[in-house]
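Enquirer: Kindly generate the corresponding structure for this input.
(one chain, ligands or ions: 1)
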Amino acid sequence: MNNDKLIVALDVSSEKEAIAIVEQLGDQVNYYKVGMELFYSAGPEIIKKLRKYDKQVFLDLKCHDIPNTVAKTGKVLTELGVSMFNLHISGGREMMERTVEHVQNKAEHLGITPPKILGVTILTSIDNETFQKEIGFSGSIEQKVKEYALLAKSSGLDGVVASAKEAAIISEACPENFSIVTPGIRPKFSTKGDQKRTLSPKEALQKGSTHLVIGRPITGYHDRESKIHAVSKIYEEMFNYEGGF
Ligand SMILES: O=c1ccn([C@@H]2O[C@H](COP(=O)(O)O)[C@@H](O)[C@H]2O)c(=O)[nH]1
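Expert: Numbering: from 1, shown residues only. Down below sits the predicted model:
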């Protein structure tokens, strides 16, 4: 079974551990997320390695810097052959627009399809109290995510990273060709851990998530059978959700 809506997070600190997971899951999983932990330890080679296994890669480095720095980083990430990468929407319009332009030019020069650029909204580990009292935002998380999604869309981004709890609001605000990539997915059999704004795979699809990012509920199991079982349970929910797949 191959399903590009499920992206498995490879939150490990070596190529060896990452590839062991990829080999254990085999054809069951086609799409992997490489985050800071793996990229900073294994380096860009890990992307090439995953591409050799014919896997798609979402590079989750959450770039956040001045426009010149992020735009030039976007060019480098385009050369790596990732399918998606992300940056923080709070970096502002100029940062996003210049990155889009640099990525498109680079992809054209290389003769490849440009990677999708996603904007990070509000992390799924943030709850209302943290959002307002600690970080100092006023208003609701939903309102801020909607504003960020609209800013990302009008700056030329291809989608956002958000909690599935906000997926319906985002798809209503940005209805066409806009990816809604949602971590913080928790199947019934798993625990929340540090995630605060969570939904199940079925609920996430019902709300309009286009991709589900799932890490520990799958990779937290040591042996191959348990990992495969977790993936099967997740696919079961995804395929059976009301409204079809
Ligand atoms: O808002 C965000 C943005 C990114 N993430 C990343 O997704 C995975 C989730 O892993 P789980 O083990 O399923 O919790 C992880 O790599 C995060 O860095 C996120 O959770 N929330």
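Enquirer: So which residues of the protein form helices?
Expert: 15-25, 36-42, 45-52, 67-80, 93-110, 128-129, 141-154, 167-173, 201-207, 216-219, 224-239 (DSSP state H).
Enquirer: for the shortest one, what is the average pLDDT?
Expert: Think helix 128-129. Here helix 128-129 scores 97 as its mean pLDDT.
Enquirer: Now distance to the ligand and mean neighbour count too, for the helices of the chain, in JSON lines please.
Expert: Where C-beta positions appear, they are placed from N, C-alpha and C, glycine not excepted. Formatted as JSON lines, the helices of the chain follow (distance: least, CB to the nearest ligand atom, whole Å; neighbours: other CB atoms under 10 Å):
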{"stretch": "helix 15-25", "distance to the ligand": "12", "mean neighbour count": "16"}
{"stretch": "helix 36-42", "distance to the ligand": "8", "mean neighbour count": "16"}
{"stretch": "helix 45-52", "distance to the ligand": "14", "mean neighbour count": "16"}
{"stretch": "helix 67-80", "distance to the ligand": "17", "mean neighbour count": "18"}
{"stretch": "helix 93-110", "distance to the ligand": "17", "mean neighbour count": "18"}
{"stretch": "helix 128-129", "distance to the ligand": "15", "mean neighbour count": "11"}
{"stretch": "helix 141-154", "distance to the ligand": "10", "mean neighbour count": "19"}
{"stretch": "helix 167-173", "distance to the ligand": "13", "mean neighbour count": "19"}
{"stretch": "helix 201-207", "distance to the ligand": "11", "mean neighbour count": "22"}
{"stretch": "helix 216-219", "distance to the ligand": "3", "mean neighbour count": "21"}
{"stretch": "helix 224-239", "distance to the ligand": "11", "mean neighbour count": "17"}
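Enquirer: In CSV: those helices, plus distance to K5.
Expert: Output for those, formatted as CSV (distance: least, CB to CB, whole Å):
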stretch, distance to K5
helix 15-25, 15
helix 36-42, 22
helix 45-52, 18
helix 67-80, 22
helix 93-110, 23
helix 128-129, 28
helix 141-154, 19
helix 167-173, 13
helix 201-207, 8
helix 216-219, 14
helix 224-239, 7
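Enquirer: do you know which of these lies nearest S190?
Expert: Smallest distance to S190 across the helices of the chain (CB to CB): 3.7 Å, for helix 216-219.
Enquirer: What is the closest one packed up against?
Expert: In terms of contacts (3 or more CB pairs under 8 Å, 6 or more residues apart in numbering; DSSP states H and E), helix 216-219 is packed against strand 6-9, helix 224-239.
Enquirer: 6 Å instead?
Expert: helix 224-239 (3 or more CB pairs under 6 Å, 6 or more residues apart in numbering; DSSP states H and E).
Enquirer: CA atoms of the helix it packs on as PDB?
Expert: Extracted as PDB, the C-alpha positions of helix 224-239 are listed here (Å, rounded to 0.1, in the frame of the first residue of the first chain):
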ATOM      1  CA  ARG A 224       9.200  -4.200  12.800                       C
ATOM      2  CA  GLU A 225       5.900  -6.000  13.400                       C
ATOM      3  CA  SER A 226       4.700  -3.400  15.900                       C
ATOM      4  CA  LYS A 227       5.700  -0.500  13.600                       C
ATOM      5  CA  ILE A 228       3.900  -2.100  10.600                       C
ATOM      6  CA  HIS A 229       0.900  -2.800  12.800                       C
ATOM      7  CA  ALA A 230       0.700   0.800  13.900                       C
ATOM      8  CA  VAL A 231       0.900   2.000  10.200                       C
ATOM      9  CA  SER A 232      -1.900  -0.500   9.200                       C
ATOM     10  CA  LYS A 233      -4.200   0.800  12.000                       C
ATOM     11  CA  ILE A 234      -3.500   4.300  10.800                       C
ATOM     12  CA  TYR A 235      -4.300   3.500   7.200                       C
ATOM     13  CA  GLU A 236      -7.400   1.600   8.300                       C
ATOM     14  CA  GLU A 237      -8.700   4.800   9.900                       C
ATOM     15  CA  MET A 238      -7.600   7.000   7.000                       C
ATOM     16  CA  PHE A 239      -9.300   4.800   4.400                       C
END
